[in-house]
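In: Provided below are the primary sequence and the corresponding predicted coordinates.
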Amino acid sequence: MNDNQQLAFNILWLSIITILAVWLFIRSVKRSENRPKLILKWVLTALVIAFIFAEVVPGFREGGVAALDALMMILFCGGVMAVIWRNSITDSLAKPLASLFDGGNEPPNPNRIIQSP
């Protein structure tokens, strides 16, 4: 690939990722029960991602000891992201199992009467 094709490819992927992130943000804010908390999580996530691209990625490009330092920083950033999103992650993993027992978000059906013989 020449430089122009690589630039076009990068712009295409950046556009796709940006559109998907905006869509996910809008969708999650609309469905959220606590919008200010969710927006704070997204802002903190954006700051962590900006830190990764500004500080960590150049360390990987340098190689050697700088790459090992970058690896430790990316592990730390992953831990920060896990702390930020821990409740959302556990809810999304536990919700399908809990819905089997409590019916999920559906209200009970008042027309359904169980009769015993």
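Out: Looks like it arrived, so ask away.
In: okay, now the unreliable bits of this protein?
Out: Residue ranges of the chain with pLDDT under 70: 1, 108-117.
In: give me the domain ranges for it.
Out: 1-31, 33-100 (automatic domain parsing).
In: ends of the last one, how far apart?
Out: The one in question is domain 33-100. 22 Å (C-alpha to C-alpha, to the nearest Å).
In: rewinding a little: and among the domains of the chain, the most buried is which?
Out: domain 33-100 (a mean of 12; mean count of other C-beta atoms under 10 Å). To be clear about C-beta, it is placed using only N, CA and C from the backbone, and glycine gets the same treatment.
In: tell me the contacts of residue 73?
Out: By C-beta atoms under 8 Å, 6 or more residues apart in numbering, the contact set of residue 73 is 52, 55, 56, 59.
In: look up how far residue 24 lies from it.
Out: 25 Å (C-beta to C-beta, to the nearest Å).
In: which stretches of this structure form helices?
Out: 3-31, 35-51, 57-62, 65-102 (DSSP state H).
In: residues in contact with stretch 80-94?
Out: Counting by C-beta under 8 Å, 6+ apart, 41, 44, 45, 48 sit against stretch 80-94.
In: the last one touches residue 76, doesn't it?
Out: No: here residue 48 lies out of contact with residue 76, judged by C-beta atoms under 8 Å, at a distance of 9.6 Å.
In: which residues are common contacts for the two?
Out: Between them, residue 48 and residue 76 share no contacting residue under C-beta under 8 Å, 6+ apart.
In: how much space between residue 37 and residue 61?
Out: Separation of residue 37 from residue 61 (C-beta to C-beta) stands at 36 Å.
In: check residue 41 too.
Out: Residue 41 is 29 Å from residue 61, by C-beta to C-beta.
In: how about residue 77?
Out: From residue 77 to residue 61 the distance is 17 Å (C-beta to C-beta).
In: residue 33 too?
Out: Residue 33 is 42 Å from residue 61, by C-beta to C-beta.
In: many thanks, have a good one.
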